[in-house]
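Q: The following comprises the amino acid sequence and a computationally predicted model.
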Amino acid sequence: MTAIMKLFKILSWVVVLLLLACGAGFATMTPQWRALVISMPTNTDVLFWSQRQREVAFRMFDQMTFLIPVRQIEAGGLVSPLGEGKPLTLPIDTDAYMRAQNHAALIVLHKDDIRLEKYGLDFDRYGQWTNFSVAKSFTSTLVGAAIQDGYIESLNDRVTKYIPELVGSAYDDVSIEHLLTMTSGVAWNEDYEDPTSDVALFKDHSPSEEECQTVSYMKGLPRKHTPGTVWNYSTGETSLIGVLVSKATGKTLSQYLGEKVWQPMGAEADATWLLDKSMNEHSGCCLQARTRDILRYGRFMLNAGQAGNERVLPREWLVYATRTQIASGDPNYGYGYQWWTHDDGSFEARGIFGQGIFIDPTRELVVVVNSNWTTAEGHKDGEAERLRRFYRLVQLAVDEEADQEKGGFATASSL
C-alpha cells in the first residue's frame, strides 16, 4: 500500500466519522457505533492505545482496513454443533469475575457440551474478537498440517531450506523446531512497554519492494546464543514460521488454515487474519473470529488434530507440540511448539490483553476467553493470575462432579 493510498483511506474514514458525528442520526446510533465514532484509533500502535480505544477496536479490527489490510478465512457449509450441558457449578460470582477481568467472552466446554457461556463489554456470540498471540498456536498447527501433507519433510530441516533469503544471516544454523520452541538464539526484544523494542518496531519496518517485510527485518538481527540452548519469546519468529509455511505449501496462511482446520472443524463463520506490508499474514498475532469458533478449534486440538474422519495432523504431533520442550523461566509454564504447557498435561494459548484457549485432555475440557485487560500481560492488576486460577477452579469443579458421581467429594478453593 503506497503512502498516498494509505493517506486517502485515513482521510476518507475521518470524513465518514465526522459526517456521522455531526449528523442528526448520531443520537439514534447503537452504543457500539457511538463508541466507534468517538474512540476509534487512527494509528496501528496497539500496545499504546487507551483501554477505551482497545475495547472498540478489538471487536472490529477487520473493519479497520483503512489502517490494516486483512485476508478472509473461509468457513465451510457444514457447521459442527456444540452441545448444551447442565450449568457448571463454581464457588464464585462469575459475573463479578467477568467484570474484574474485563472479559468480553468466557466459554467452558466439557465433554463436548457447553457448561458455561457468558459475554461482557457489550459483546455477544456473533461478534468477532481479535486474538493476538493465540494466533501463534494456529500457526504451529499449520506446520503440523504441512508435515502431514508432505510439504515439510522434517522439523530438523534448516529454515534456510524454505526461506533462502535468510542465507548468510543469524538463521543459517536454525531449524524449524528451533523456531517452534523459540530457541533460535537470535536476539529479539519482546518488551510490550518499550516503544523501541523489536515487537514495537517490527510492524512498521519498511522493506524494499522485492523483499518480504518479516524476512527483511529478521535477517538483520544478530545471534545471541547457540541455537537450541536458550528460550526467548519472539513474535517475529512466529512470523517467520508463517512465511515458511506459505512458501512450503504455495498457499497463504488464511487459505491453508481454511482448508485444513477452519472448514473441517465446522466453523460457523468466516474469520480474518491481519496482513503486514508485504500482504503476508501477521502469523504471530491478529486473528479475528467468533468465540465459539475459537472453542471449536480447541475441541479440534482436544481431538488430537482430527476433524470428523479427516486426520489433519500427524498422530504424534500433539505429543511434542503440547508438551514441554524447554523451560520458559516461569515455574507455572513450560513451552512446546507455540503452546504454553503444564505438568498435568494441560496446555494453553495466550494472547496479550487477555485472550486464551485452555485445553485439558484428561478432563476433556476446553476454556476460551476474550478480554481487554488493563495492561498487555495482565500483571499490574492481577488479571493474568486470576485467569490462571480460574482455569484451575474449573478443573476442580469438574473433578468434584466426577467424585460426586462416584460417591466421594472434592473441595474447590475460590479465587
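A: Perfect, I can see it now.

Q: Shouldn't Ala105 be within a helix?
A: No. Counting by DSSP: H, G, I helix; E, B strand; the rest coil, Ala105 falls outside a helix, being strand.

Q: Can you pull out the low-pLDDT segments for this structure?
A: 1-39, 65-66, 408-415 (pLDDT under 70).

Q: Quick one: the helices in it, in order.
A: 3-22, 31-39, 51-57, 94-101, 134-148, 176-180, 198-201, 213-218, 235-249, 253-257, 291-302, 317-321, 383-405 (DSSP state H).

Q: need the contact list for the closest residue to Thr94 other than its chain neighbours.
A: Excluding the flanking residues, the one nearest Thr94 by C-beta to C-beta, 6 or more residues apart in numbering is Lys118, at 6.2 Å. For every residue, glycine as well, the C-beta is placed using N, CA and C. Each residue near Lys118 by C-beta atoms under 8 Å, 6 or more residues apart in numbering is listed here: 94-95, 98, 103, 105-107.

Q: how close does Pro91 get to Met40?
A: 40 Å (C-beta to C-beta, to the nearest Å).

Q: okay, the two: which has more neighbours?
A: Of the pair Pro91 and Met40, Met40 is the one with more neighbours under other C-beta atoms under 10 Å, namely 18 against 13.

Q: what about the residue lying closest to that one once chain neighbours are set aside, how many neighbours?
A: In this structure, Met40 finds its nearest non-sequential neighbour in Val56, 5.9 Å apart by C-beta to C-beta, 6+ apart. Using other C-beta under 10 Å, Val56 has 23 neighbouring residues.

Q: Now tabulate the helices of the chain in a markdown table and tack on distance to Val186.
A: Formatted as a markdown table, these follow (distance: least, C-beta to C-beta, whole Å):
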| stretch | distance to Val186 |
| --- | --- |
| helix 3-22 | 30 |
| helix 31-39 | 38 |
| helix 51-57 | 30 |
| helix 94-101 | 35 |
| helix 134-148 | 17 |
| helix 176-180 | 9 |
| helix 198-201 | 10 |
| helix 213-218 | 7 |
| helix 235-249 | 7 |
| helix 253-257 | 22 |
| helix 291-302 | 28 |
| helix 317-321 | 22 |
| helix 383-405 | 27 |
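
Q: just so I know, which of these lies nearest Ser80?
A: helix 291-302 (5.9 Å; C-beta to C-beta).

Q: Extract the CA atoms of that closest one and return them as CSV.
A: What follows is helix 291-302, C-alpha atoms only, in CSV (Å, rounded to 0.1, in the frame of the first residue of the first chain):
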residue,chain,number,x,y,z
THR,A,291,-15.5,-17.0,20.3
ARG,A,292,-17.5,-20.2,19.6
ASP,A,293,-15.2,-20.9,16.6
ILE,A,294,-12.1,-20.5,18.7
LEU,A,295,-13.8,-23.0,21.0
ARG,A,296,-14.2,-25.4,18.1
TYR,A,297,-10.5,-25.1,17.4
GLY,A,298,-9.9,-26.0,21.0
ARG,A,299,-12.0,-29.1,20.5
PHE,A,300,-10.2,-29.9,17.3
MET,A,301,-6.9,-29.9,19.3
LEU,A,302,-8.6,-31.9,22.1
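
Q: okay, the angle between it and helix 134-148?
A: 40 degrees (axes from the mean of the first three to the mean of the last three C-alpha atoms, to 10 degrees).

Q: Pull out the buried residues from stretch 383-395.
A: By 16 or more other C-beta atoms under 10 Å, the buried positions in stretch 383-395 come out as 383-384, 386-388, 390-395.

Q: Oh, that last question was meant for stretch 88-101, not what I typed.
A: 88, 90, 94, 97-98, 101.

Q: And for stretch 152-160?
A: 152, 155, 158-160.

Q: so who does the residue nearest the centre of the chain touch?
A: Geometric centre of the chain, nearest residue: Val134, 1.9 Å, by C-alpha atoms, centre = their mean. With contacts defined as C-beta under 8 Å, 6+ apart, Val134 is in contact with 287, 294, 349-351, 355-357.

Q: Same question for Gly308.
A: Pro264 are the contacts of Gly308 under C-beta under 8 Å, 6+ apart.

Q: State the distance from it to Arg299.
A: 12 Å.

Q: For Glu117, which residues are in contact?
A: Contacts of Glu117 by C-beta under 8 Å, 6+ apart are 106-108, 125.
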